[in-house]
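Novice: show me how the following folds:
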Amino acid sequence: MPQYVHVNVQPGGFAIVLLEREPVNLMDLRMWQQLMAALDQLEADQSVRGVIFASGLKREVFTAGNDIKELYAPATSIARYRDFWVTSNVFLARLYCSPLVTIAAIKGACPAGGCCLSLCCDMRIMTEQGHIGLNEVAIGISVPLYWGRLMARVIGDRKAEHLCMNATLLPPPEALKVGLIDQVVPSDQLMPAAEAAMLQALKQPDSGRMVVKLRFRESFAREWEQYPDSEVAESWDILSAAPTVKALEATLQRLSGKKGRAKL
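Specialist: Numbers count the residues shown, from 1 in each chain. Modelled structure (predicted):
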C-alpha cells in the first residue's frame, strides 16, 4: 500500500506530518485514512504536544483537494463514497478539536479539501505565492455543509458565504486580510516560521490551553463528526444525477490535460 502521509517526530515536543502523493496531493480515501491514523498515533504519543501539517512535494502545492474520482459516480460506488465521506469528515472534525497544537504550513495552492484541513488547524501560515478557498461550486457541486460553517466560524458568515458562493480562491495577501490565514512568509521561510510558531504556542501549559480550545470547539466538532453518515444517501443522489455527473466528467477531462493540477 502506498504511503502518502509521513510522520516525523521532532525534538521539542511536536511532529511534522508531510503529505506526499504525487503529483498534487489529491486526497483520496487512502490519504484520508492515513491522516486519521497519523492523528491517532500522535494523540496517543505522550511526547508529542503539537503537529505541523505540510506538503512534501517539490511543486508549490499544499494539496489540490479531494480526488474528483472519489466523487464521480461512474467511477465509484455508494459504499466507497460512504467510506470516503465519513472518513474524511470524521478526521476533520477530530482535528478541529484535537488536544494537540495544530499548524498548517501551506505551500502554494490550497483549494477545497486542503483549505478545510487548514481551517481545522489552530494557525495557518502560507507562502507568498498560491491561493486558498472553498471552490467546489466551480465544478458543479456544493460546498459541504460543515466546511462552509467552519469557514464562517473563522472569518464570519457574510464573508464565508460570498467566498463559497463565488468559488473564490484568494491569494495570500487577501486571505490574510480577511482572516483566512494568519501569516504570509517567503517560501524558504515556511517551515522555520511554522516551527517557531509551534515552539511559541508550546510555551503555554497544555492543561489550560486544551480546556479553552475544547470550550470553543467541542460542540461544533461533535455535531460535525456525527453528521456525515446521515448525509451520504442525499449526497449520493446529487452526485449520481445527470447534471452533476456531466459537470464532474467535464472537470476530469479538463484536468487530464493538466497532469492533475486540480483546483479542488
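Novice: only C-alpha atoms for contact and neighbour calcs from this point on.
Specialist: Noted.
Novice: all strands for this structure, in order.
Specialist: Here the chain has its strands, by DSSP state E, at 5-10, 14-19, 50-55, 101-111, 123-133, 183-185.
Novice: single out the most deeply packed of those strands.
Specialist: Greatest average neighbour count among the strands of the chain goes to strand 101-111 (a mean of 27), per mean count of other C-alpha atoms under 10 Å.
Novice: measure Pro172 to Tyr96 for me?
Specialist: 22 Å (C-alpha to C-alpha, to the nearest Å).
Novice: neighbour count winner among the two?
Specialist: Tyr96 (27 against 24; other C-alpha atoms under 10 Å).
Novice: which residue packs closest to the more buried one, ignoring adjacent ones?
Specialist: With C-alpha to C-alpha, 6 or more residues apart in numbering as the criterion, Tyr96 has its nearest non-adjacent residue at 4.4 Å, and that residue is Cys120.
Novice: which residues touch that neighbour?
Specialist: With contact set as C-alpha atoms under 8 Å, 6 or more residues apart in numbering, Cys120 has these partners: Leu92, Ala93, Leu95, Tyr96, Leu150.
Novice: tell me the pLDDT of it.
Specialist: The score at Cys120 is 99. That number is its pLDDT.
Novice: sorry, back to before: tell me which of the strands of the chain approaches Leu71 most closely.
Specialist: Closest approach to Leu71 among the strands of the chain is made by strand 101-111 (15.9 Å; C-alpha to C-alpha).
Novice: what sits up against that closest one?
Specialist: Under the contact criterion C-alpha under 8 Å, 6+ apart, strand 101-111 has outside partners 49-55, 60-65, 117-118, 121-135, 169, 187, 190-191, 194, 198, 201-202, 263-264.
Novice: likewise stretch 205-213?
Specialist: Arg49, Cys97, Pro99, Leu100.
Novice: so which of the contacts of Cys120 belong to helices?
Specialist: Using DSSP state H, Leu92, Ala93, Leu95, Tyr96, Leu150 are the members of the contacts of Cys120 that sit in helices.
Novice: ok, back up a step: in ChimeraX, how would I select just the buried ones from the contacts of Cys120?
Specialist: Buried residues among the contacts of Cys120 (16 or more other C-alpha atoms under 10 Å), as a ChimeraX selection:
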select :92,93,95,96,150
